[in-house]
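Undergrad: build the 3D model from these lines:
(3 chains)
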Amino acid sequence: MDDSSTAQRIAKSAAAATPPAMARQIRGLSDRAIAWLFVTPTIILLLAINIFPLIWTVYLSFTNYRANRLNREVEWIGLRNYERVLTDTDIWHTLQVTAHFVGWTMFFQVIIGFGLAWLINKQFRGHSFWTTLILLPMMLSPAVVGNFWTFLYQPQIGLFNYIVAFFAGIEPSSFQMIGDVNLAPWAIVIVDTWMWTPYVMLICLAGLRSIPDYIYEAAEVDRASKWRQFWSITVPMVLPFLMLAVLFRVIENFKMFDLVVELTSGGPGSVTELASINLKREAFEKWRTGYSSAFAIILFVTVFGVANIYVKALNKVKQR
Amino acid sequence: MKKVLALATAVSAAALAFAGPAEEAKAQSGDLTLCWAAWDPANALVELSKDFTAQSGIGMKFEFVPWPNFADRMLNELNSGGKLCDLLIGDSQWIGGGAENGHYVKLNDFFEEAGISMDDFAPATVYAYSTWPKGSPNYYALPAMGDANAWFYRKDWFSRPDLQAAFKEKYGRDLAPPTTQMELKDLAEFFQGREIDGQKRYGAAIFTERGSEGITMGATGALYAWGFKYENTPGSYDMEGAVNSADAVAALEFYKDLYECCTPPGYTDSYMQESLDAFKSGQVAMAMNWFAFFPGLHKDEKVGGDNIGFFVNPGQKIEASTLGGQGISVVSYSDKKEQALEYIKWFAQPDVQKKWWSLGGYSCHVAVLNDPSFKQSQPFAADFLLAMDGVQDFWQEPTYAELLLAMQKRLHDYVVADQGTAQEALDKLIEDWTETFEDEGKL
Amino acid sequence: MSAASAHSVVESKPWTRHLAGGVVILYALITILPLVWILMTSFKTPPDSISYPPKVIFEPSLEGYVNLFTTRTRQTPEYMASLPPPENWVERLVRDRNMVIAGPSKFGERFLNSVIIGFGSTFLSVFLGTLAAYAFSRFKVPLKDDLMFFILSTRMMPPIAVAIPIFLMYRTLGLSDTHLGMILLYTAVNVSLAVWLLKGFIDEIPREYEEAALIDGYTRLQAFVKVVLPQAATGIAATAIFCLIFAWNEYAFALLLTSGTAQTAPPFIPTIIGEGGLDWPAVAAGATLFLIPIVVFTIVLRKHLLRGITFGAVRK
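TA: Numbers count the residues shown, from 1 in each chain, chains lettered A, B, ... in the order given. Next up, the predicted model:
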């Protein structure tokens, strides 16, 4: 194995990244000093590019600042922005749209993802190859892929419409996935489900594989039916994994921007205008910086709060 | 895996090392960068600018952004104080923000020095593309590209005897380009779903785009024709009764009817490109679009030439068209303002303006427009002059983007998503706009 | 993905296995269809790409790729006739459409930006992440759990929300639309992933190795460089690929914080337009070139995928 020599070369190049004089100085450092030396750069970077901006956002959310009006005086307006965000019917509409999107994508991804994992776990021949194929969509750029889906959704020339029409026996141009008020919310759910079901599947698969065989064997000895085994062994054992997958997906889909903006850009009307799309319009098209900062903080607190409560629930399930 | 890691380390280090110099290299090169939308006239400008490079020795680089992203990207660039563009051909509505926020260089002194007189440009274009506050002699751009929204139609279909007879029988008048908005709808209805040469055709391609400015630019064509005004008295921001007048409601209802009865399937989010596509692929009998595309359409092998005809936006209560077009401005964050001004000086020359028109750019120079041969120079040239006589523009306020987005939302919600009534849409629009003006301290 | 242990009660019957296999394969084929369609569209001519019904069998053409890398202008037939014969197949292809090549398109530049920013930020985040992960794994860092959670929580902000203050900050610092600005931003986002993943990998390296090295007279730093790093190489590589994939795919920041000089490919590809409408073969060609590296990486990474997508929370 030439692994070690390659690794040494990497090690050398990593060491070379530290200037020699400094290297000599730190060679004799205590563990404590090394710990700080190693952690500090990351903390500084995060302070500069995550925390400081976050604090700035909090400050801006109390002002009437507009990033496109440099000459205008910035006024402290207290909670006015928060009041406006929370009483704005359009904002509540975008939150409803987001809830619809998150709810249904979770529903489909959990059902299909778990189902696929369960089937793959049957260990049929070639399952490894097919699993890798299924995993591909989630690794790709959502913006680029989302943009291409607008092509697949074209009435008449689009592949999606053509295939659906072929099996349903209707005209391909008789329905429009992204132009129709009733279908557009489902169009984004379909693409997101296509893209992210593998994510849920992969985590469920890990859950299924973590179940030791002897539990099933014991159940078999007790003459529990397959159905019973499924509900009293498989589901409870996979549940913590599934919940973890749902946690990650809910956070991601709550923030969803790239895929949907390229697909529908929030239209028709505002029926697919997710919270992030609305936030982008407020912040970077209308340039209502203060107002959108307040909205951003509200979104962040919501995600953070829900995630924390959820993690507590997850830990309880795990301990059971 | 480990070899990959070693390789990646090397590549990454190289990438990091490259990142710094890349920026410097850009700043050091003497080339001017001109930013505009990606469309036919931009290609013509590239061609035209070769003369400038030949004369001055200054190289030109171009950054063309497709229309749906143009305003978004460029306003973001200006607001971030970016140095990407030295020259910017920006939309007429940006002038207020460009001037008040200091993005654009004020050009008065330069015009005087270079001997450029604004009297040499058509007054409507100077008013729309150059001045802020509107109509005052403060210039932030040189009129570069005159434009308005107009229509074109399948002349070959309009001249078919069978269709002419069928139309006459149904509507009691000749099959001809419309003179009113209502006639336009009759024509669109006539062609909608009609089979011509074995293919199903549709009435009209109109603007319904949601993301940038599409549906506003399309619907104002009807609104202005019904006498729509933004304010009761100009400058008062007094919109109640103007924006939601009975005529405005009627016009908006008309636009929705037109959308519902006579557009091709899937026309829920279409703007310039979609309109061109629909027309070029033979889907529609009529389409609206900016004059800027007309030279290209006329050149088209299949639907151009004798097969295409043009007409200005039909009036209803009054004759009016939606203004397009842009002025060319110098970006104040540029490091090469001198060279950029040199470009404008070159561009303003009558000879260059004449060549600009011949290449497909809509010059605003009187030497071009007032030339007796102008009207005959292209089949749409006379219509262009006619349209420019009656142009109306959207708000040019510094908060224009906010005002526009509100209108986009209200119109799209009503026209395409079929929510509420026209009256409600316009009432809500006044609420949105009032809030914006209150925030600005203008109300 | 180890073979099933052969217990008769647990192993499913052959016919269930076949049925399961059939369903999964059917799903895999459906799921892969849009990607195959991208690839196919990239080799179609523009008229073929928008034909009805959609063409499955067509004559392959490189027009999409040519259109991706060039800008072209339409000319009159008279002008075309006056030109000397085309020099190569690219020119011939373009002229068949009554157009001439006006110059290169911006795609090359944008692709290069993606490479520079992707690799640059990956290098930095893995470098910083390895150091921090080692410290978190081996030493008693005060408030360790809080710090680890703090590092993770930075990923819960919607990117648009983060972009608001970053936009203002970069404007002040002159980092708007620069490679450096994007590298720093992506590093800040990726370092949380890197720390969490690498801590998992380093935790798995037995401490005894280092302790033996320390007894042999190595300093702590030497032990880190000569013992821990080589052991962690696979983990570092996997982490690097995950960071690279994030930076490669990122869209929101690139859309809002770059306009040209440092713009990456994701916001650019959807705006590729042809004459009269979106040039779908060119868009598909751009997408194909852009997606292929990720497909390769996914296959290379498949064993570590689970760990990467769950921040190391699930290790199989």
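
Undergrad: contact residues of the stretch 51-200 of chain B facing chain A?
TA: Neighbours of chain A within the stretch 51-200 of chain B, by C-beta under 8 Å from any C-beta of the partner chain: B:72, B:75, B:76, B:79, B:97, B:100, B:101, B:102. Where C-beta positions appear, they are placed from N, C-alpha and C, glycine not excepted.

Undergrad: gap between the residue positioned nearest the centre of chain A and residue A:303?
TA: The centre of chain A sits closest to residue A:252, judged by C-alpha atoms, centre = their mean, with a distance of 2.1 Å. Using C-beta to C-beta, to the nearest Å, residue A:252 is found at 10 Å from residue A:303.

Undergrad: element containing the closest residue to chain B within chain C, please.
TA: Residue nearest to chain B within chain C: residue C:123 (3.1 Å; C-beta to the nearest C-beta). Taking DSSP states H and E as the definition, one finds residue C:123 inside helix C:107-138.

Undergrad: elements contacting that helix?
TA: helix A:31-46, helix B:2-28, helix C:63-69, helix C:144-153, helix C:179-203, helix C:229-249, helix C:265-268, helix C:280-301 (3 or more C-beta pairs under 8 Å, 6 or more residues apart in numbering or on different chains; DSSP states H and E).

Undergrad: tell me the domain boundaries of the chain?
TA: Since you didn't name a chain, this refers to chain A. The domain map for chain A lists A:20-60, A:81-319, with the assignment taken from automatic domain parsing.

Undergrad: my question was about chain C, not that one.
TA: C:61-105, C:108-271.

Undergrad: and residue 91, what is it in contact with?
TA: Since you didn't name a chain, this refers to chain A. Residue A:91 is in contact with A:85, A:278, A:295, counting by C-beta atoms under 8 Å, 6 or more residues apart in numbering or on different chains.

Undergrad: not quite, I wanted chain C
TA: C:100, C:101.

Undergrad: which secondary structure element is home to it?
TA: For residue C:91, the host element (DSSP H and E) is helix C:89-95.

Undergrad: for that helix, give the mean pLDDT please.
TA: When pLDDT is averaged along helix C:89-95, the result is 86.

Undergrad: do the lowest-mean-pLDDT helix or strand in chain C and chain A meet?
TA: Here the helix or strand of chain C ranked lowest by mean pLDDT, DSSP states H and E is helix C:144-153, holding a mean of 75. Yes - legend: contact between helix C:144-153 and chain A by C-beta under 8 Å from any C-beta is shown at C:147, C:150, C:151, C:153.

Undergrad: quick check, the following helix or strand past that helix touching chain B?
TA: Downstream of helix C:144-153, the first helix or strand assigned by DSSP H and E is helix C:159-173. Yes - against chain B, helix C:159-173 shows contacts by C-beta under 8 Å from any C-beta at C:167, C:170, C:171.

Undergrad: can you count the residues close to the closest residue to the second one other than its chain neighbours?
TA: Setting aside the residues directly before and after it, residue C:170 is nearest to residue C:176 in space (C-beta to C-beta, 6 or more residues apart in numbering or on different chains), at 4.6 Å. By other C-beta atoms under 10 Å in any protein chain shown, 29 other residues sit near residue C:176.

Undergrad: look up which helix or strand residue C:176 falls in, please.
TA: Going by DSSP H and E, residue C:176 is not in any helix or strand.

Undergrad: and it, what is it in contact with?
TA: Contacts of residue C:176 (C-beta under 8 Å, 6+ apart): B:80, B:81, B:82, C:167, C:170, C:257, C:258, C:259.

Undergrad: can you do 6 Å?
TA: B:80, B:82, C:170 (C-beta atoms under 6 Å, 6 or more residues apart in numbering or on different chains).

Undergrad: what about the residue in the stretch 301-443 of chain B that chain A sits nearest to, which SS state?
TA: Of all residues in the stretch 301-443 of chain B, residue B:417 sits closest to chain A, at 2.7 Å by C-beta to the nearest C-beta. Secondary structure, DSSP: H, G, I helix; E, B strand; the rest coil: residue B:417 is coil.

Undergrad: so how far is residue A:211 from it?
TA: 48 Å.

Undergrad: of the two, who's got more company?
TA: residue B:417 (20 against 16).

Undergrad: in space, what's closest to that one - neighbours in sequence excluded?
TA: Nearest non-adjacent residue to residue B:417 (C-beta to C-beta, 6+ apart): residue A:269, at 2.7 Å.

Undergrad: tell me the pLDDT at the one you found?
TA: 82.

Undergrad: give me the three-state assignment for it.
TA: Residue A:269 ends up coil, using three-state DSSP.

Undergrad: assess the claim that it and residue B:413 are in contact.
TA: Yes - the criterion here is C-beta atoms under 6 Å, and residue A:269 meets it with residue B:413 at 4.1 Å.

Undergrad: count the neighbours of residue 100 for me.
TA: No chain was given, so I picked chain A. Neighbours of residue A:100 (other C-beta under 10 Å): 17.

Undergrad: switch to chain B, that's the one I care about
TA: 20.
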